[in-house]
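**Student:** quick one: sequence and predicted model below, then my questions.
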Amino acid sequence: MKWNALIRQTHRWLSILFALIVAAIFLTLGLGREPVQWVYYLPLAPLALMTLTGLWMFFRPYAARGQAA
C-alpha cells in the first residue's frame, strides 16, 4: 500500500474512533452519570493524529505542484 493511501485510511479510522469516543461521552452524560475527569481527554489523541494526517492530505497537492514546476 502506498503512503498516501495508508495515511488516508488511517485518517478514516481515526475519525471513526474519535466519533465513537465523543458519542460514548455524550451517552454517559445523557444517562446522568458523571465520568471520571480523564475520560474527557480521550478524544485528544485521535484528534491530534487526525490533525497531522489532515494537514498532510491538504498540503500534498500543493507540494506536488511545486515539485512539478
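**Tutor:** Looks like it came in fine.

**Student:** nearest the geometric middle of the chain, what residue?
**Tutor:** Nearest to the mean C-alpha position of the chain, by Cα atoms, centre = their mean, lies residue 50 at 3.0 Å.

**Student:** and residue 47, its phi and psi?
**Tutor:** phi -70, psi -40 (degrees, to the nearest 10).

**Student:** with residue 34 instead?
**Tutor:** Here is the backbone geometry of residue 34 (degrees, to the nearest 10): phi -100, psi 110.

**Student:** what about residue 36, how many residues nearby?
**Tutor:** Neighbours of residue 36 under the rule other Cβ atoms under 10 Å: 6. C-beta: built from backbone N, CA, C; applies to glycine.

**Student:** name all residues that make contact with it.
**Tutor:** For residue 36, no contacting residues are found, by Cβ atoms under 8 Å, 6 or more residues apart in numbering.

**Student:** quick check: it vs residue 42, distance?
**Tutor:** Distance check for residue 36 against residue 42: by Cβ to Cβ, to the nearest Å, it reads 11 Å.

**Student:** ditto for residue 55
**Tutor:** In terms of Cβ to Cβ, residue 55 sits 22 Å off from residue 42.
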